[in-house]
Each structure stands twice: as structure tokens, then as C-alpha cells.
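K.L.:
Sequence and predicted structure, then a few things I'm wondering about:
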Amino acid sequence: MIKAENLSFSYRGDEGAAAALKKLNIDIAGGEFVAILGHNGSGKSTFAKQLNAILTPEEGRLTVFGIDTSDEGSVFELRKNVGMVFQNPDNQIVATVVEEDVAFGLENLGVPRDEMRRRVDEALKTVRMYDYRLHAPHLLSGGQKQRVAIAGILAMEPKCIVLDEPTAMLDPSGRAEVMETVRRLNREKGITIIHITHYMDEAVKADRCIVMDGGEVVMDGPPAEIFARVEELRALGLDVPQAAELMYELRKRGIDAPEGILRSAPCVEAIAKMYKDRGTANVR
Amino acid sequence: MSVELRNITYTYNKDEPSARVALENVSLRLDDGDFVGLIGHTGSGKSTLMQVLAGLLPPCGGELMPEGKSYPDYKSAARVARKSAGLVFQYPEHQLFEETVYKDIAFGPLNRGLSSDEADARVREAARRVGVEPLLDKSPFDLSGGQKRRVAIAGVVAMKPELLILDEPTAGLDPEGARELLAMLKSLHGDWCKTIILASHSMEDVAKTVKTVAVMNRGRLVMSGSVAEVFSRGEELRAMGLDTPQISRIAEGLIRAGVPLRRGIFTVAEAADAIAELLGGGKNA
């Protein structure tokens, strides 16, 4: 549903043009949950901004749900389908009451009142903020504010939500709330999720990870496959989840630890099993 | 610099219907040589506490005691605190304003009345330590996010604060940027800044950087101790919306599963060594 073909883009400054995306080819199907990883300046956010035509390709083509993002006449239609959530929740909240904030986009679209009421309520229930609908947004926690921001997008009934480091400013429980919400939107509503993050433990929850470097895709595959490539990821300035790092360090110490383990529970299970079977097959 | 907070209370919008208590009876002591990680959920009072420590926010109750001493009034205490403490706010790169990196870093030292020669030496030393020396002639607005962050920190470091206070210095940086920044802080600690306190939401970063951890919950200081002491209380931390590093959750899980792993493991390298030994594999085989 998202198809980038030889997509190139550069920022122009006083010192000439700096290429941010270089002949990018990415294909994302409807309903996928994709995490995009890469160090700062790798082109992740530039790609995200292409998805709802905040930026448009310099060369090549990007089509999103059949709409060519360079077609100015379709920008409105495109943005109805692709919602964006940014890093700082405070910069995205415009109203003084939660439900008014969620209704903001719908008011701009001229959605009839009854329909608006229905969509706002449903969006708030989906992100589990319905009980806070009459609260003042600035008194909510970071995780709650981000969920309100997501509800505002959800009310527009988009097919795809792009989240650009939505958890960077949140504490661990706020991060967990947002990730749980995003995961549920993907599973239950079939919304395509493009999640840009520096947190490897969030990328683990995606179906697919795309790693960018220097404006190009350098890795693309399921998390278990990507995070087995510890050395390469480190060379790209990235990290691996500590569970994967531990298995890798064990392998380096001559222990036949399995690959593809990313989370705590399977990691504990694998090591406990090796401990039980020790002295037999685990030492190479 | 050592500094003590005694029974500090702070309420935002005091005496108004929207009043919100941010700090409640917080007592904390930082000694020379301390390197403290401050953790706590959003809104737990970390940022407020840091501003009180730096002498920038007069508390509603309690006493700010720079160098562990009492002063006749808050004003004189705050003056001492401000002189020896440097506070790096959240997203400090939003405060860059000068035409060049050099001028931006020099602003503080010159403002404090240093001669241009003295200020020049400070700027160069701070830039070297923070790793932005090659950028001195550039405009701060042509830099990457990570570079801007470092320049902003260099501006505070150039004041040579005895107490360096940083509010979520790694927020928004990529993993390598965060790693480099934390390594840089470790190298500053000791000879350039005697005492460092940093707030962070990353338990992994805290575990591998600081010596002691202080935990805020709903405006109160609820735990403080060594990294091992604090992160061994995983259940309590999770109840406060915090967490322990993934590696210590794995270590806890292994102990529960009957693997005789020692307690107090908070880094991957330690865990790998200990597990390899239990499994009979050689170190770095």
C-alpha cells in the first residue's frame, strides 16, 4: 500500500544540498506493523514526512494507498488516510479539553455533529482515555497525552498511522501504554503502523524492521533476523535488546546459545535449559 | 560541591485552585565525588528538584544548603548554589542562539566576567572535553541534533560547575549518541565537575553510568542507594511506573528458575561472564 520507487530527497541549505534519501525503494503492505530504525540523520524522519506529503520526492515516486504524494490535488485525501504522531505531546495538543482536542481534526473536515460525537467517543475508548474526556490535557501524564494525540488521529479514521519517536519523552510506563495502544490498533483495526524509534525493545514488537543509514535501507526483515546481526547494528550506531546482546555475548564465550531471542522470558527459558543440560551439548 | 536539601516542599500555582504539589518533604544530600542517577515517572518531581538544587526555584518550604551549610536567607543560599551549580535543562539545544558555536559556549564565561583570554581557554577546554572542538566556527543551527545537544552542554560545562545537573540529557538521542554522551559525562566527573546528578528514563543508561540512584515517586524521594541496592527492588520500581534494566529482569528470572546466579547483576557483560562460568564455557573462548 506504500511504495517508494527510487525516492530521492535532499535538504537545501547555504552550504549546498545534503542528500537525505537516496534512491529509496520500500514496499509496505496494508496492515503491516513496521519499525524504522537508524541513527540520527539516517533519513528516518525525512521518509516519515514523505508519507503524508509534508515533504515530496525530488526524484522517483512515492505512492501511498494509490495516491501519488507529488500530486498536489490529492494532498487532502492523502492526509485523511495517513495520520502522524510526533515526539513531543505538548506540541500536538491544541484544545483545553481532551474531547475537544480529539474533535479538532473532524471540525476542520466539517464532519456532522452526531458523526463527530460518535467518532470522538470511539477514538477515546480505543486509546482508553474516555474517562478523561472532560479533563484538561496539560494535567495529564506524558503517556496519556500521547494517547490523546493518537485518539485525535484515530478519529480521522486513517488507514495508516506514522509515529515519529512517540515515546522519546515518556517514562517506562508511558512508553508501555503507547506501545500497547499502537499494537492493538494494528491487530484489532488493521491500521498500518510505521513506528520510528530508537528503542530496540519497541522495535522487537513490530512485524518487520527496516534499518536506514545514510538515506538508504541497509537491513529489512523480521526483528529476530535483524537483531541477530549485533556487530552490523553496532557499526550503524544502533543497539540490540539486552536479551539479544546477552545471547550474543554467550556465543562469543563459546556457548551454543540460540539466535533470534529478543525478549526476557524466552531468554530465561533458553539459559535455564542450557543450565539443566550442562556438560552435554552446550559447549562447542 | 556538596549540597543538601532539607525537607523541601514545592507547590505549583500555590493558593490557586489549580495548585499541584510537586515536591513533598524531600531531603537529599550530594557529596563531592557523587555521581547520582535520578529516576521517577513523568511528573514525579525530578525536574522541579533539579531546579531547586541549582538555586533557580525558591522552595515553598524547607532549606537549600549549598556546601551543607545554613544561610541567613534563601537569597544568599541561592547565590552560592547558582555559582557552583550548572543546570542542563531538557532539550538544551533549544536554547542555542549565537552565530557560532564558539560564541554560544563563550556566552556564560564572559557573562560571568571572565577576561576574553580566560574565556577563550574555557571555551576550548569545554569544547575539547565535550567533543565539539571541530565545530567551533560553525553556526549552531547547521549541526545535527546530537551535535547541538553537545554544544549546549559545552556552554554549561564551560562555566566549570562543581555540581553538574542534567535533566534527561540523552532524551531523543540515538543509541550511539546516548552512549557517547554518557561516556563524556563519566570523563568529566572527578576533575572537571566534582559532582554530577542526571535524570533519566532509561534504566539501562542509569545502571551503566552512575554510582548511586535516587528514586522519586509522586513528589517524594522514596529510595536512594547504590545501583545494586535500588535495582534489586524491581517489584517496587515497577509499581511506581519504573522498571529495571532488561538484563536484571533476566537475571531475576534465572534465579527464580533455579539457576544459581549471584544477585546484583546489572550489565550484560557481567551477566554473560557469570552465566558462561555456570555453563562451563571459558571466558572469551
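P.N.:
Structure received. Numbers count the residues shown, from 1 in each chain, chains lettered A, B, ... in the order given.
K.L.:
can you list the weak-confidence ranges in chain B?
P.N.:
B:281-285 (pLDDT under 70).
K.L.:
Who are the contact partners of A:Cys209?
P.N.:
A:Val34, A:Ala35, A:Ile36, A:Leu37, A:Ala203, A:Met219, A:Asp220, A:Gly221, A:Pro222, A:Pro223, A:Ile226, A:Phe227 (C-beta atoms under 8 Å, 6 or more residues apart in numbering or on different chains). (C-beta placed from N, C-alpha, C; glycine too.)
K.L.:
Inside strands: which ones of these?
P.N.:
Residues of the contacts of A:Cys209 located in strands (DSSP state E): A:Val34, A:Ala35, A:Ile36, A:Leu37, A:Met219, A:Asp220, A:Gly221.
K.L.:
Redo the residues you listed as TSV? Include pLDDT.
P.N.:
Below are the ones in strands among the contacts of A:Cys209 laid out as TSV (pLDDT from 0 to 100):
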residue	pLDDT
A:Val34	97
A:Ala35	97
A:Ile36	96
A:Leu37	95
A:Met219	97
A:Asp220	97
A:Gly221	96
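K.L.:
From these, list just the buried residues.
P.N.:
A:Val34, A:Ala35, A:Ile36, A:Leu37, A:Met219, A:Asp220 (16 or more other C-beta atoms under 10 Å in any protein chain shown).
K.L.:
Which of the contacts of A:Cys209 sits closest to chain B?
P.N.:
A:Leu37 (9.0 Å; C-beta to the nearest C-beta).
K.L.:
Next, the contact list for the closest one, please.
P.N.:
Per C-beta under 8 Å, 6+ apart, neighbours of A:Leu37: A:Lys44, A:Ile196, A:Thr197, A:His198, A:Met200, A:Ala203, A:Cys209, A:Ile210, A:Val211, A:Met212, A:Leu238.
K.L.:
Is it correct that the fourth one is in contact with A:Pro166?
P.N.:
No. A:His198 sits out of contact with A:Pro166 when judged by C-beta atoms under 8 Å, with a separation of 11.4 Å.
K.L.:
Comparing these two, which residue is more hemmed in?
P.N.:
A:Pro166 (31 against 25; other C-beta atoms under 10 Å in any protein chain shown).
K.L.:
For that one, grab phi and psi.
P.N.:
A:Pro166 has phi and psi values of phi -70, psi -10 when expressed as degrees, to the nearest 10.
K.L.:
how close does the closest residue to it other than its chain neighbours sit to chain B?
P.N.:
Closest residue in space to A:Pro166, ignoring its immediate chain neighbours: A:Val85 at 5.0 Å, by C-beta to C-beta, 6 or more residues apart in numbering or on different chains. A:Val85 sits at a distance of 15 Å from chain B (criterion: C-beta to the nearest C-beta, to the nearest Å).
K.L.:
How many residues are close by A:Val85?
P.N.:
21.
K.L.:
Spit out the contact partners of it.
P.N.:
A:Gln92, A:Gln146, A:Ala149, A:Ile150, A:Ile153, A:Ile161, A:Val162, A:Leu163, A:Asp164, A:Pro166.
K.L.:
Return the subset of these lying in helices.
P.N.:
Under the assignment DSSP state H, these contribute A:Gln146, A:Ala149, A:Ile150, A:Ile153 to helices.
K.L.:
a markdown table for those residues, including neighbour count?
P.N.:
Below are those laid out as a markdown table (neighbours: other C-beta atoms under 10 Å in any protein chain shown):
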| residue | neighbour count |
| --- | --- |
| A:Gln146 | 30 |
| A:Ala149 | 27 |
| A:Ile150 | 26 |
| A:Ile153 | 23 |
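K.L.:
B:Val268: how many residues sit nearby?
P.N.:
Quick note: B:Val268 (other C-beta under 10 Å) scores 24 neighbours.
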